[in-house]
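Undergrad: Sequence and computational prediction follow.
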Amino acid sequence: MSYADVVIETRSDNVDNFFTYETGDLPGLRVGSKVIVPFAQERAKRSGYVFALHEELQPELEGKRIRRIEAVCEEESLTAEAIEVCRWMRRRCYCRYIDAARCFAPAGKKPKREEAPESSGGKGSVGALADVLTDSANGALAAAPLPVPAPPLTLEQRRAAGRIVSAMEAGRSEVFLLRGVTGSGKTEVYLAAAEQALKQGRRTIMLVPEISLTHQTVERFVARFGAERIAVLHSALTQNERYREWIRIRGGSVDIVIGARSAVFAPFEKLGLLILDEEHEGTYKSDMSPKYDAVEVAVKRAKAAGAVAVLGSATPSIVSSYRARQGLYRELVLTKRYNTTPLPNLTVVDMRKELAGGNKSVFSEALYAAMLDAFAARKQVLLFLNRRGWSSFVSCPHCGYVMRCERCNISLTYHKSDNRAVCHFCGESRAVPEACPSCGAEGLRYYGLGTEQVEERTKEAFPERTVARMDLDSTKTKGSGKKILRDFSAGRTDILVGTQMIAKGLDFDNVAVVGVISADITLNIPDFKSPERTFQLITQVAGRAGRREERGSVYVQTCLPEHYAIEAARSHDYEGFYRSELYFRETLAYPPYTDVIQITVFSEREDVCAGGAEAARRAILARLGEAERPRLLGPRPAPIAKAGADYRYHLYLKAEAARRRVYEAALSELKRKINTDSAAGYRIMIDVNPFSLM
Ligand code: ADP
Ligand code: ZN
């Protein structure tokens, strides 16, 4: 007799174990099979996934009635590789087996009835692909052209591609970290690797941080390999389209999947290659449960599938570089831009000196002069500020009162266009009162700059020039973002003001000057990753300047000019930044030396929440030992102290990487215990290396 351990589809949070069934003699049953089984007393059947097969019955089940699997649903089955990754995800992401399996399962629903005619095979998705392509900023390439041949590679590209290709040829499962300055031609290396995968009859997953900002990459893949065997997974797909794409990928009529974070779960068999472009981007970390990191999932999948992973970036994350230098990844470096245009010249401007010299405007003397020069030469300018709205907070100059969101307790940002103070977390907004609600004094004041204000000040300073703004607010309506970019590309706009939306990936021909209005906004966010993000962001925006023949110039305005992140960005010194940053991380026990585990306790009652957080702290110390005390921080109210109806408290554990398994066992046990105790009145959420500490 043989038996299968099955993970059942269920909504109940309490069910997270294997149920054993007899396999009978169902054909095709294997690890990963989707099966239909009888469950509990219910008459209705449940579906589930086979996680293991064995010949012997577990001793504790001897003599019990073991029911039989009723059917296999081959079309929606997973691979054994996916199941292996699910087992890992359950530990790493503190989720249930079924939550992990759902990531791999068909996204969307099986269409109730087949809708003629586009349901047949690839047509629908080629249609979807055409949508993405015509949506492109430049409006280019609606129909896929015939495959174009690869251009001759540069020496550096050839070397990098050669090492990846040899690993693939030899069937070695390796992870490559491809560090290449902006414009060095990383995409050509990805394309060469994908070509090798095709040659070996294996499949490729290509991840990009955000599909809407990466038309150019998609277009290059389509131009090289043709649209027929490429699937693009983007957020505009309907549920039915999503399901169809899944079946198409699973069924083997697709060789390359391009998509954002969740495409890392593309249900390929014969997976040969996973590419993550801009691997340092925060969008690879899921902010919904399961809170996986797509970089980690990709590395895990590569190992389980015997595939190669390529992590590419101009500014790899500190964690990835560290892993490369520990020998876990192979590092490949592209030092030169393809067209050999030198990297832009970066000038750091000390805004304290500007202020002392009487300049209170948003433009330093140097940036202002450079902008005038650019316009005289018929060039364009990008102005970057990582905060939308008019001002960052509204406060009373007499008593220090700050307007805060009543639900989230974070300070409100003033938006002049709607004349309201808005919570950037939950979207709630209020009118700004005439008098201070706290002391009654007249006139609240607006502090800190946002893009809305930069736009207005720019129009005042350069009345002859056309100015546009690109941020979450100005791109709310469909197509507006595309129009802003198209106008700028076509030269109809002289100056584009924007948030990090304009920092990434965009390739403009005519930008001579990039101004970072204030680098301090990112630098001053209370998060250990702020220097890393600042370095990455400055490097990325700087990469938008002078992409063609002429060298561009970049002005970085800051009150902290001597900060190592800014100094390293100024001199394009990744190595220097890496060394300084690693020193701080080690001293303060942050990643890569530890995992920062965020434990959020939430409850509708504040006292219950605070009490629960304290109980969780004691339970953790009891389980892990008193030695953990210095590594366990909190509890304290979360910066976003209330989300929806729930109060939130945070605990942080700096978990030593070497003892990962010990933490995983202790914390998952704690989570299960609390979350299944209906009398507790509070629940916990665990996020390993969260994107944000809010
Ligand atoms: P990165 O992704 O590293 O910033 P890209 O791959 O976008 O750089 O390359 C920058 C530009 O150089 C692109 O316009 C690309 O088409 C061009 N390019 C890169 N490598 C080659 C090559 N070997 N032959 C021809 N053009 C190339
Ligand atoms: Zn709010």
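TA: Good, I have the coordinates. Ligands and ions are numbered 1, 2, ... in the order given.
Undergrad: Tell me which helix or strand the residue nearest to Met685 when sequence neighbours are not counted sits in.
TA: Excluding its sequence neighbours, the residue lying closest to Met685 (Cβ to Cβ, 6 or more residues apart in numbering) is Thr600, at 4.4 Å. C-beta: built from backbone N, CA, C; applies to glycine. Taking DSSP states H and E as the definition, Thr600 sits inside strand 594-603.
Undergrad: Give me the mean pLDDT for that strand.
TA: Mean pLDDT, computed over strand 594-603, is 95.
Undergrad: just to revisit the earlier point, can you name the residues that contact the residue nearest to Met685?
TA: The neighbours of Thr600, taking Cβ atoms under 8 Å, 6 or more residues apart in numbering as the test, are Ala638, Arg648, Tyr649, His650, Ile684, Met685, Ile686, Asp687.
Undergrad: out of those residues, which one sits closest to ligand 1?
TA: Asp687 (30.5 Å; Cβ to the nearest ligand atom).
Undergrad: where's that closest one, which helix or strand?
TA: strand 683-688.
Undergrad: do Glu567 as well
TA: Using DSSP H and E, Glu567 falls in helix 564-570.
Undergrad: so the strand holding Asp687 versus strand 594-603, what angle?
TA: Strand 683-688 runs at 160 degrees relative to strand 594-603, counting by axes from the mean of the first three to the mean of the last three Cα atoms, to 10 degrees.
Undergrad: picking that back up, C-alpha coordinates for the strand holding Thr600, CSV please?
TA: Taking Å, rounded to 0.1, in the frame of the first residue of the first chain, the C-alpha atoms of strand 594-603 are listed here in CSV:
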residue,chain,number,x,y,z
THR,A,594,21.7,39.0,11.2
ASP,A,595,18.1,38.8,10.0
VAL,A,596,16.0,41.6,11.4
ILE,A,597,12.8,39.8,12.4
GLN,A,598,9.8,42.1,12.9
ILE,A,599,7.1,40.8,15.1
THR,A,600,3.9,42.9,14.9
VAL,A,601,1.3,42.4,17.6
PHE,A,602,-2.1,43.7,16.8
SER,A,603,-5.4,44.0,18.5
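Undergrad: ok, Leu560 to Ala519 distance?
TA: 8 Å (Cβ to Cβ, to the nearest Å).
Undergrad: The two: which has the busier surroundings?
TA: Between Leu560 and Ala519, counting by other Cβ atoms under 10 Å, Ala519 is the more crowded of the two (29 against 18).
Undergrad: what does the chain put close to ligand 1?
TA: 151, 153-154, 157, 180, 182-188, 338 (Cβ under 6 Å from any ligand atom).
Undergrad: now the strands: where do they sit in the stretch 151-300 of the chain?
TA: 175-180, 203-207, 230-233, 256-259, 271-277 (DSSP state E, counting those that start in this stretch).
Undergrad: How about the stretch 501-650 of the chain?
TA: Using DSSP E, counting those that start in this stretch, strands in the stretch 501-650 of the chain cover 511-516, 553-558, 594-603, 632-643, 646-656.
Undergrad: if you compare these, which one is most tucked away?
TA: strand 511-516 (a mean of 26; mean count of other Cβ atoms under 10 Å).
Undergrad: before we move on, back to that, mind telling me which of the strands of the stretch 151-300 of the chain the model trusts least?
TA: Looking at those, the weakest mean confidence is strand 230-233, a mean of 92.
Undergrad: So what are the sheet partners of that one and their directions?
TA: Sheet pairing of strand 230-233 (DSSP bridges) gives strand 256-259 (parallel).
Undergrad: who touches the strand it pairs with?
TA: 194, 203-208, 211, 217-218, 221, 225, 229-234, 249, 263, 266, 268.
Undergrad: next one: phi and psi at Pro592?
TA: Torsion angles at Pro592 (phi, psi; degrees, to the nearest 10) stand at phi -80, psi 0.
Undergrad: Buried ones in the helix ranked longest in the chain, by neighbour count?
TA: Longest among the helix segments of the chain by residue count, using DSSP state H, is helix 606-624. Neighbour counts over helix 606-624 (16 or more other Cβ atoms under 10 Å) mark Val608, Cys609, Ala610, Gly611, Gly612, Ala613, Ala616, Arg617, Ala619, Ile620, Leu624 as buried.
Undergrad: what kind of secondary structure is the residue in the stretch 251-400 of the chain positioned nearest to ligand 1 in?
TA: Going by Cβ to the nearest ligand atom, ligand 1 is nearest to Tyr338 of the stretch 251-400 of the chain, at 3.6 Å. Recorded secondary structure, Tyr338: coil (DSSP: H, G, I helix; E, B strand; the rest coil).
Undergrad: Show me where the stretch 351-500 of the chain dips below the pLDDT cut-off.
TA: Nowhere does the stretch 351-500 of the chain drop to pLDDT under 70.
Undergrad: how about the closest residue to Ile686 other than its chain neighbours, secondary structure?
TA: The spatial neighbour of Ile686 that comes closest, neighbours along the chain excluded (Cβ to Cβ, 6+ apart), is Tyr94 at 4.1 Å. What three-state DSSP gives for Tyr94 is coil.
Undergrad: need the contact list for Tyr94.
TA: By Cβ under 8 Å, 6+ apart, the neighbours of Tyr94 are Pro290, Glu664, Leu667, Ser668, Lys671, Ile686, Val688.
Undergrad: what number of residues lie near the first one?
TA: What it means is Pro290. 19.
Undergrad: returning to that earlier point: please enumerate the shared neighbours of Leu560 and Ala519.
TA: Counting by Cβ under 8 Å, 6+ apart, the common neighbours of Leu560 and Ala519 are Ile566.
Undergrad: Just want to check the distance between the residue in the stretch 351-500 of the chain that ligand 1 sits nearest to and ligand 2.
TA: Ligand 1 sits closest to Ser489 of the stretch 351-500 of the chain, with a gap of 14.4 Å, by Cβ to the nearest ligand atom. Distance of Ser489 to ligand 2, given as Cβ to the ion, to the nearest Å: 36 Å.
Undergrad: is it true that that residue touches Val511?
TA: No - Ser489 lies out of contact with Val511 (Cβ atoms under 8 Å); the separation is 10.3 Å.
Undergrad: In JSON lines, list the strands of the stretch 151-300 of the chain along with distance to Glu442.
TA: Output for these, formatted as JSON lines (distance: least, Cβ to Cβ, whole Å):
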{"stretch": "strand 175-180", "distance to Glu442": "55"}
{"stretch": "strand 203-207", "distance to Glu442": "53"}
{"stretch": "strand 230-233", "distance to Glu442": "54"}
{"stretch": "strand 256-259", "distance to Glu442": "54"}
{"stretch": "strand 271-277", "distance to Glu442": "53"}
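Undergrad: I'd like to know which of these lies nearest to Ala356.
TA: Across the strands of the stretch 151-300 of the chain, Ala356 has its closest neighbour in strand 175-180 (39.1 Å, Cβ to Cβ).
Undergrad: Give me the angle between that closest one and strand 271-277.
TA: Counting by the same axes, to 10 degrees, strand 175-180 lies at 30 degrees to strand 271-277.
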